[in-house]
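>>> Sequence first, predicted coordinates after that:
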Amino acid sequence: MNMIRKKKFKYPDNLDEEKVMKKWREALELAPSLVTSIFKNGEVKAMTYRELYSRLKERGIDYDDAEDVIYEAERKKLLHHDSKTRSYYWIPEEKRKEEINKTERFEKAIEDILIKRNVKWLSREYLIKELIDKEFSKEDIERAVREAVRDCVIDLHESEDMVRLIPEKERARMYELRRLERLDSKKQLYEKMVTEHTFTTRRIMN
């Protein structure tokens with residue numbers, strides 16, 4: 001892999017960082033209008049996870065960008081995610097302010113807990129216990145944690161089931177870092193395939 005990089009290895013367009021990130025940013029800017037058109041400005045009330053991804057693909061959104069496009073539509077309160085059915089529901093305009101206030105309240109509660117504890121990492125179990133003490137319902141807790149992760153308010157360490165508070169000034173950059181992590185994984189896989197292909201070709205030629 002190192003040899004590949006030394007030879008000024010060139011990635012294809014779909015793995016070129018500058019091009020990928022440019023397309024990703026453009027997709028986020030288009031997210032509200034894209035999702036509004038897909039749901040026909042509310043004429044379509046609900047759509048499954050698979051259906052929405054398929055519609056975004058038809059409109060030129062890469063699979064790796066689709067999740068972030070949907071997240072952006074959720075942040076704009078165009079859509080509500082139902083984890084039980086893995087479906088998305090259109091939010092009427094008159095209810096969006098209420099939904100914005102609810103998300104802000106949930107995320108503020110999580111921030112307050114982590115600031116109060118004053119530790120770098122806190123177990124998700126403890127966080128949930130604290131939210132229960134604040135009289136959050138099971139559904140509200142699930143939504144609060146999901147949206148806090150989505151909005152880069154907290155970082156979730158899956159392997160250890162721990163969470164940490166992300167400073168507000170770092171959150172915008174965290175969106176990009178998450179996209180870059182997905183890109184890096186694909187780059188590593190591509191490099192491995194190229195290396196294996198080169199090795200196999202040399203064996204055949206020899």
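Right, received. Where do you want to start? Being a predicted model, the structure only gives us computed values, none of them experimental.
>>> List the buried residues of stretch 113-129.
For stretch 113-129, burial by neighbour count (16 or more other CB atoms under 10 Å) applies to 113-114, 122, 124, 127-128. Quick note: C-beta positions are derived from backbone N, CA and C, even for glycine.
>>> Quick check, central residue of the protein?
Most central in the chain under CA atoms, centre = their mean is Asp68, positioned 4.9 Å from the mean C-alpha point.
>>> Now do the contacts for that residue.
Contacts here follow CB atoms under 8 Å, 6 or more residues apart in numbering; on that basis Asp68 touches 24, 27-28, 175, 179.
>>> Could you pick out which of those residues are located in helices?
Of those, the ones assigned to helices by DSSP state H are 24, 27-28, 175, 179.
>>> where are the low-confidence patches of this protein?
1-9, 197-199, 201-206 (pLDDT under 70).
>>> so where do the helices sit in it?
For the chain, the helices defined by DSSP H cover 2-6, 17-38, 49-58, 63-75, 96-117, 124-133, 138-150, 171-205.
>>> wait, which of the ones you listed is closest to Thr85?
Closest to Thr85 of the helices of the chain, according to CB to CB: helix 49-58, at 8.8 Å.
>>> got a list of contacts for that closest one?
34, 38, 47, 63, 66, 69-70, 86-88.
>>> Can you give me the first-to-last residue distance of stretch 58-69?
14 Å (CA to CA, to the nearest Å).
>>> Kindly provide the distance from Ile115 to Pro167.
Relative to Pro167, Ile115 is positioned 11 Å away (CB to CB, to the nearest Å).
>>> Sorry, wrong one. I was asking about Val149.
Taking CB to CB, one finds Val149 at 15 Å from Pro167.
>>> higher neighbour count, the two?
Set side by side, Val149 and Pro167 show more neighbours around Val149, with 15 against 7, by other CB atoms under 10 Å.
>>> quick one: contacts for the more buried one?
Counted by CB under 8 Å, 6+ apart, Val149 has contacts 155-156.
>>> give me that answer again for 6 Å
With contact taken as CB atoms under 6 Å, 6 or more residues apart in numbering, Val149 is in contact with Leu156.
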